[in-house]
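**Student:** got a structure for you, letters missing:
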């Protein structure tokens, strides 16, 4: 269960150890961008990468309570451009 917790909150390990070096937002942004770009390198077509990212957003959506409308748009995206536009509104 720790794995799901770390996916949901990337700074969880830092919180448990009491060491926080960067904000949660910066760590989350870096995690998202790294995963997204690495999936793009090894997977194709667009929709396969987006399915993977949408699955992760099902965990991450709890961190963005006031942005439900944008998250719903994100989950409907079918192209990289649509996905990226909505992600950068949220982040």
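**Tutor:** That came in fine, so what should we check first? Here the structure is a predicted model, which means the values were calculated and not measured.

**Student:** So for this protein, the centremost residue is which one?
**Tutor:** In the chain, the centroid-proximal residue (CA atoms, centre = their mean) is residue 32; its distance is 4.5 Å.

**Student:** in what helix or strand does that one lie?
**Tutor:** Following DSSP states H and E, one finds residue 32 within helix 24-42.

**Student:** where in this protein is pLDDT low?
**Tutor:** 1-2, 11, 13, 16-24 (pLDDT under 70).

**Student:** list the contacts for the residue nearest to the centre of the chain?
**Tutor:** Shown in contact with residue 32 (CB atoms under 8 Å, 6 or more residues apart in numbering): 56, 60, 87, 91. In this view, the C-beta of every residue, glycine as well, is placed from N, C-alpha and C.

**Student:** hang on, the earlier thing: tell me the helix or strand right after the helix holding residue 32.
**Tutor:** helix 46-60.

**Student:** can you give me the angle that next one makes with helix 24-42?
**Tutor:** 160 degrees (axes from the mean of the first three to the mean of the last three CA atoms, to 10 degrees).
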